[in-house]
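task: produce atomic coordinates for the following.
(chains A and B)
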Amino acid sequence: MGTRKGAFILTSDGKREKWDISGPHFAGWEIWHVKGSPIDPQRLYVSQCSGWFGQMIQRSNDGGKTFEPVGNKFVYDGVPGTHQWYDGTPHPWEFKRVWHLEPSLTELDTVYAGVEDAAMFKSTDGGMNWNELSGLRGHGTGSQWAPGAGGMGLHTILIDPTNPKRMYIAISAAGAFRTDDAGVTWKPINKGLNSLHIPDPVAEVGHCVHRLALHKSKPERVFMQKHWDVLRTDNAGELWTDIGGNLPTDFGFVIDVHAHEPETVYVIPIKSDSEHYPLDGKLRVYRSKSGGNEWEALTKGLPQSDCYVNILREAMAVDSMESCGVYFGTTGGQVYASPDSGDTWNAIVRDLPAVLSVEVQTLP
Amino acid sequence: MIRVVLPAHLRTIARVGDEVLVTVEGPVTVGAVLDAVESLYPALRGTIRDQVSFERRPFVRFFACEEDFSMEGMGVVLPGKVASGEEPLLVVGAIAGG
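Sure, this is the predicted structure:
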């Protein structure tokens, strides 16, 4: 887990009832993301940030027992150019931090980084050196991208498990993009999105996409939590359809898919973009077993009064145990876990710093 | 030897104690001292100054002999007492934030 004041590693056995906590690692630093390699679970990458001392990337080769700093030089390819500022004026691209680290599914030493100001970088030497995949910013619409309230960050990186050359990424606030050639060229995939808060609600880019998720068995089907609206594409982003259905509010940040049921999706509705807490002070996860539209509230074990935390976009994950575990962290420092696909929940830790990200490794 | 005192978070990154000792060939400027520090402790690259422009990070300051050397660029020559090791160069993180 990444938090505002360090990283924590929570460990449990298959029952997922008792949890051991280690940390804080990198105490006092903002830890935006921690993620392990699917090839070697001992290999972890950490995005460690500070307003004072900038960006560090840490790597572990022993499952988080020890870490070593690796490369932190993120330089945009060529002349960085400009994107839109909040008032619509041109603003130069400036590197601020790494929001997301995505290890390759096939190459141990290959890892991708999504950064603010939005761009994607790739390392092929375990994070020692980083090069921008500049076809993303350079494909033509970059000058129209603008920051969301939290900055202009590239957060989601999804690699197609059946075709490593295909990746989906999302940027707040530009939208979703897809590459079919391992990041050389990119196309916006925002048809079907309708964002009433931007000048052209159906523009090619400019949408504040908060998170994407997919199931490995159906990688052409992608789920999206947009600023407002929950959507799904069945054709790799060529067209999105609203699946908000009976959600009490379709604003939110997280979205994830059940490990074994590709139609089962989870979101956590948040009241609005000006309040950023659960509706009516009730923390409710909503689950759809039909790929969206029909949603059920999951509340057992979650606070149902006076709860005013937020759940940030990187702060939900699932494990791959036979009974799928679902996890999310809050800005109030709780991490809730469900060992039974969301039917029941427990706070497995409380009173940590605000949780920025949650990832899960299921070890043999 | 030139003495450099780093902020606590950077000591952790570099895995060093209260002070680090470096040697500098030629004029003892802020930039030359930082070159030496970063050469000994590569993990500190980018944490005190930008890795490309070498500009000081906004919330980092340089003090020595009760003087502020933050605003004069990397080429500013430090006092003789720093060059001789009598006084340290202090790299300070701003008191700000929560």
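
check which helix or strand covers residue A:155.
Using DSSP states H and E, residue A:155 falls within strand A:153-159.

what comes up buried for that strand?
By neighbour count with 16 or more other CB atoms under 10 Å in any protein chain shown, strand A:153-159 contains the buried residues A:153, A:154, A:155, A:156, A:157, A:158, A:159. In this view, the C-beta of every residue, glycine as well, is placed from N, C-alpha and C.

which single one of these is nearest to residue A:21?
Closest to residue A:21 out of the buried residues of strand A:153-159 is residue A:155 (25.6 Å), distances taken as CB to CB.

surely that closest one touches residue A:168?
No - with contact defined as CB atoms under 8 Å, residue A:155 and residue A:168 do not form a contacting pair (11.6 Å).

circling back: farthest pair in the buried residues of strand A:153-159?
The most widely separated members of these, counting by CB to CB, are A:153 and A:159 (18.5 Å).

so stretch A:4-19, near chain B or not?
No - Stretch A:4-19 stays out of contact with chain B when judged by CB under 8 Å from any CB of the partner chain, the minimum separation being 9.1 Å.

and the longest helix seen in chain B, what other elements does it pack with?
What stands out as the longest helix in chain B, according to DSSP state H, is helix B:30-40. Here helix B:30-40 touches strand B:2-5, strand B:19-22, going by 3 or more CB pairs under 8 Å, 6 or more residues apart in numbering or on different chains; DSSP states H and E.

what does the last one rub up against?
Contact with strand B:19-22 is made by B:1-6, B:14, B:33, B:36-37, B:40-41, B:85, B:88, as judged by CB atoms under 8 Å, 6 or more residues apart in numbering or on different chains.

ok, 7 Å please
Outside strand B:19-22, the residues that touch it by CB atoms under 7 Å, 6 or more residues apart in numbering or on different chains are B:1, B:2, B:3, B:4, B:5, B:6, B:33, B:36, B:37, B:40, B:88.

what distance do you get for the fourth one to residue B:61?
Which is residue B:4. Separation of residue B:4 from residue B:61 (CB to CB, to the nearest Å): 14 Å.

looking at those two, which is more packed in?
Using other CB atoms under 10 Å in any protein chain shown, the more surrounded residue of residue B:4 and residue B:61 is residue B:4, with 23 against 17.

give me the beta-bridge partners of the more buried one?
Following DSSP bridges, residue B:4 is listed with bridge partners residue B:20, residue B:89.

kindly report the same for residue A:167.
For residue A:167, the beta-bridge partners under DSSP bridges are residue A:159, residue A:179.

that one contacts residue A:183, doesn't it?
Yes - the criterion here is CB atoms under 7 Å, and residue A:167 meets it with residue A:183 at 6.5 Å.

so which of those two has more stuff around it?
Between residue A:167 and residue A:183, counting by other CB under 10 Å, residue A:167 is the more crowded of the two (24 against 20).

so who does the more buried one touch?
Residues in contact with residue A:167 (CB under 7 Å, 6+ apart) are A:157, A:158, A:159, A:160, A:179, A:183.

any idea which element the closest residue to the first one other than its chain neighbours lies in?
Among residues not flanking residue A:157 along the chain, residue A:102 sits closest, at 3.9 Å (CB to CB, 6 or more residues apart in numbering or on different chains). Assigned by DSSP H and E, residue A:102 falls within strand A:97-103.

now for that strand, which elements pack on it?
strand A:30-36, strand A:44-50, strand A:54-60, strand A:111-116, strand A:153-159 (3 or more CB pairs under 7 Å, 6 or more residues apart in numbering or on different chains; DSSP states H and E).

I'd say residue B:33 and residue B:5 touch.
No - in this structure, residue B:33 is not within contact of residue B:5 by CB under 7 Å, at 11.5 Å.

residue A:62: how many residues sit nearby?
Look at residue A:62: counted by other CB under 10 Å, it has 10 neighbours.

now mean pLDDT too, for the helices and strands packed on strand A:97-103, in JSON lines please.
Putting those into JSON lines (pLDDT from 0 to 100) gives the following:
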{"stretch": "strand A:30-36", "mean pLDDT": "98"}
{"stretch": "strand A:44-50", "mean pLDDT": "97"}
{"stretch": "strand A:54-60", "mean pLDDT": "98"}
{"stretch": "strand A:111-116", "mean pLDDT": "98"}
{"stretch": "strand A:153-159", "mean pLDDT": "98"}
